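Trainee: structure for this input, please:
(one chain, ligands or ions: 1)
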Amino acid sequence: MQTQTTTHLPQVIEPRNPGIDLDMQWVRAVQANTSAIERRAATLPGRRSVKKDYQAAWLLRAISCVDLTTLSGDDTAERVRRLCAKGRQPVRADILSALDMQGLTVGAICVYHDMIETAVASLQGSGIPVAAVSTGFPAGLSPFHLRLAEIGESVAAGADEIDIVISRRHVLSGNWQALYDEMRAFRHACGEAHVKAILATGELGTLRNVARASLVCMMAGADFIKTSTGKESENATLPVTLVMIRAIREYYDRTGFRIGYKPAGGISKSKDALVYLTLIKDELGDRWLQPDLFRFGASSLLGDIERQLEHYVTGTYSASYRHAMG
Ligand SMILES: O=C[C@H](O)COP(=O)(O)O
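Mentor: Okay, the predicted model is just below:
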């Protein structure tokens, strides 16, 4: 990942997760109490845990954690260039200036392989990393050697981060060794590029499978675990998020390595982003609210955040938002 220059970024960048041997005893012991998780998730959207004065600060934080994404069959170089310009200046200059946040950028730009070179050229000098989806995204069913080669090509083309998709069948058949070996090989093929493991949680059947797949991918060296491709019928949800971030906490408690989390797909409203951020703060703490450990995979969230911030600076602007930036 490139070093970034904007002021909102963390002083400390996490060491890469080297992974550990597959610990089947740990994997088998994983539980997920579905009804308790769903009860907890159901209470979250109604909670007013972000005070109004602090909402602008949280939305700015959300911007710095967006993987601004375009993953469409009709993507063009021109669309990617526009997206990169938006990534460099995510909201109108007058809004950023009113909030004293000039220089704020998104966390990364996320594209298909063919658009990497355009994105790299458009982002030159900005410090914004380029993430590429890979390994036969979104289904991940192309021949294994081609999936590995695709990673290599994307890294050679300049991608800083690779978002791989796992083979859902390994999870559904309980073949944890196969999942571990696959993830390990993907991690190796990424070299210095950071690797995000997309679990496609909407296709994994149970929350227990989500918890186990999260753990196995982290054991195999994933730097981030990510919910979805955005193409499944069910994408990021709060119950899935609870399960995945608790797996991250458990992995950190046992190994000392902090793994990032990326909810993706269907997150398009500021109020939803605030719920995710407060949940991360509650469950993992402030350290995980930085772009090296948290990202939103989203194509349209930024537009809604910009509208909210515009309303904020033209209406109820309060300088106290700065306190929340600490
Ligand atoms: O990884 C990112 C997702 O594909 C974006 O999904 P979205 O278009 O629903 O925001």
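Trainee: just the closest residue of the chain to the ligand, please.
Mentor: G230 (2.3 Å; Cβ to the nearest ligand atom). Yep, even glycine has a C-beta here, placed from its N, CA and C like the rest.
Trainee: in a helix, that's where that residue is, yeah?
Mentor: No: residue state for G230 (DSSP: H, G, I helix; E, B strand; the rest coil) corresponds to coil; a helix is not indicated.
Trainee: near it, how many other residues are there?
Mentor: 22 (other Cβ atoms under 10 Å).
Trainee: correct me, but it touches K262?
Mentor: No: G230 is not in contact with K262 according to Cβ atoms under 8 Å; the separation is 11.1 Å.
Trainee: need the residues touching each of those two.
Mentor: Listed as contacting both G230 and K262 by Cβ atoms under 8 Å, 6 or more residues apart in numbering are G297.
Trainee: sorry, back to before: find the nearest non-adjacent residue to the residue of the chain closest to the ligand, please.
Mentor: Nearest residue to G230 in three dimensions, chain neighbours excluded: G265, at 3.8 Å (Cβ to Cβ, 6 or more residues apart in numbering).
Trainee: got it, and E306?
Mentor: V91 (4.4 Å).
Trainee: list the residues that contact the one you found.
Mentor: Contacts of V91 (Cβ under 8 Å, 6+ apart): I63, L104, L302, I305, E306, L309, E310.
Trainee: quick check: phi and psi at the spatially most central residue of the chain.
Mentor: What sits nearest the mean C-alpha location of the chain, by Cα atoms, centre = their mean, is K262, with 2.4 Å. Torsion angles at K262 (phi, psi; degrees, to the nearest 10) stand at phi -130, psi 100.
Trainee: find me the pLDDT at it, would you?
Mentor: Note on K262: pLDDT of 98.
Trainee: and if you look at T314?
Mentor: 85.
Trainee: neighbours of the closest residue to F257 other than its chain neighbours, how many?
Mentor: Closest residue in space to F257, ignoring its immediate chain neighbours: N17 at 4.5 Å, by Cβ to Cβ, 6+ apart. By other Cβ under 10 Å, the residues close to N17 number 25.
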